[in-house]
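Undergrad: I would like the atomic coordinates for the input below:
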Amino acid sequence: MSSTSKSHGWKSLLLSHEFILFAVVVAEWIFFYFIATSKNYTGHTVGFGTMDAQFDILRHTCEIGLLALVMTPIILTGGIDLSVGSVLGVSAIIFGKLWHDEHFSIPAAICGALIIGASAGGLNAFLITWLRLPPLIVTLGTYSLFRGLAEAITHGSITYTGFPDSFNYLGQERWLGMPAQLPIFVIVAIGVWLLVHRMTFGRSFRAIGYAPEGARYAGLPVERRLAMVYVLAGVVAALAGIIYTARLGEAKADSGTGYELFAITAVVLGGTSIFGGVGSVHGTLLGVAAVAILKNGISLAHGSTEMADMLTGVLLILALSASIVPKILSKRPARVQTVPSTPQPTPTT
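TA: Purely as a prediction, here's the structure:
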């Protein structure tokens with residue numbers, strides 16, 4: 001390989017979206033390392049750079065990370081799912097009701113919650129693929145439907161608590177020194193990465209996002225694959241609801257409120273185009289890290305949750321602008337420079 005090719009390769013790497021985002025994540029971490037401290041329940045000062053603080057970030061980010069992972073293939077296909085936070089909430093409520101009121105075992109209640117998540121994703125898939133309704137409108141409607149269902153089951157006031165310690169271990173304790181939910185997140189991340197980047201099935205998501213009609217013309221089963229990604233999102237959102245319940249030790253109707261915003265922010269911040277066709281799972285993971293460090297850093301720096309939400313909204317706007325503005329500028333007509341014509345002499349007769 002020539003030196004010119006090597007320099008071009010390094011330049012492409014340094015200017016890539018993932019590398020720039022990685023640099024932002026490192027800068028965020030260094031910034032909060034110096035300014036963010038808090039006191040734990042024993043009264044000792046805990047700094048942002050301590051191992052306990054890092055594990056706390058991982059523990060509180062698992063559910064949003066799971067939602068962002070399954071949101072990636074959806075946005076790659078040019079779709080959107082605003083209902084994942086509500087699916088998380090209704091799945092948590094179903095899990096709590098099955099265990100508390102119907103006296104199901106913990107494994108049976110988990111299976112029931114996962115079935116509810118798959119059914120919720122299936123409803124989205126049916127409306128989007130069979131009825132050809134816009135994903136934004138469909139999931140906006142099911143966002144309210146699933147949240148309202150959770151409120152109806154609990155009458156807006158019931159909170160399911162008292163789960164056994166063996167279940168709460170999943171969200172509150174450590175396994176081999178790391179948060180117990182981290183292995184689940186890693187397994188899902190590897191699975192989604194392999195699906196999107198290594199399987200022919202998943203690589204077709206980009207073709208669908210670029211041009212769905214062209215993908216149909218090429219013989220791809222577009223509707224079937226779109227249905228698959230929405231059902232997958234429902235199942236993983238239900239899994240996130242179970243982990244969320246174990247972390248808090250309770251299931252309530254407002255579980256996961258606003259999580260869809262954080263998930264979409266992480267995906268778009270990670271370089272996945274909101275128009276579909278472009279994106280990566282490793283970019284999404286960097287986006288999750290950026291959002292998580294921002295939220296937890298502000299919390300340790302004695303900032304308000306409202307400030308964290310506002311800055312997350314700013315991140316989303318900046319990420320969307322970064323993907324949209326170049327398209328707008330590229331479509332602007334080039335300004336044509338006209339050269340003044342030299343007057344021709346009048347022929348004499």
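
Undergrad: Mind jotting down where the strands sit in the stretch 1-150 of the chain?
TA: Taking DSSP state E, counting those that start in this stretch as the test, the strands found in the stretch 1-150 of the chain are 37-39, 45-47.

Undergrad: same check, this time on the stretch 201-349 of the chain
TA: 250-251.

Undergrad: Do I have it right that Arg225 meets Phe205?
TA: Yes: counting by Cβ atoms under 8 Å, Arg225 touches Phe205, with 7.1 Å between them. Where you see a C-beta, it was placed from the backbone N, CA and C, and this is true even at glycine.

Undergrad: anything in contact with each of these two?
TA: Thr77 (Cβ atoms under 8 Å, 6 or more residues apart in numbering).

Undergrad: Quick check: pLDDT value at Lys6.
TA: pLDDT, the model's per-residue confidence, is 55 for Lys6.

Undergrad: more crowded one of Arg225 and Phe205?
TA: Phe205 (28 against 19; other Cβ atoms under 10 Å).

Undergrad: burial of the closest residue to the more buried one other than its chain neighbours, as a residue count?
TA: Leaving aside its sequence neighbours, Phe205 sits nearest to Leu76 (Cβ to Cβ, 6 or more residues apart in numbering; 4.3 Å). For Leu76, the tally of surrounding residues (other Cβ under 10 Å) stands at 28.

Undergrad: How about the contacts made by Leu76?
TA: 196, 205-206, 208-209, 272, 276-279.

Undergrad: And it, what's its pLDDT?
TA: 94.

Undergrad: quick one: it and Leu226, what's the gap?
TA: 11 Å (Cβ to Cβ, to the nearest Å).

Undergrad: what residues do the two have in common as contacts?
TA: Ile208.

Undergrad: lowest-confidence stretch among the strands of the stretch 1-150 of the chain?
TA: Minimum mean pLDDT among those: strand 37-39, a mean of 56.

Undergrad: still on that earlier bit, could you identify the most distant pair in the contacts of Leu76?
TA: Greatest spatial distance in these: Ile208 and Thr272, 13.7 Å, computed using Cβ to Cβ.

Undergrad: When those two are compared, which one has more neighbours?
TA: Thr272 (30 against 25).

Undergrad: OK, contacts around that one?
TA: Here Thr272 is in contact with 72, 75-76, 278-280, 283-284 (criterion: Cβ under 8 Å, 6+ apart).

Undergrad: Return the member of those residues nearest to Ile317.
TA: Once Cβ to Cβ is applied, the member of the contacts of Thr272 that ends up nearest Ile317 is Ile75, at 16.4 Å.
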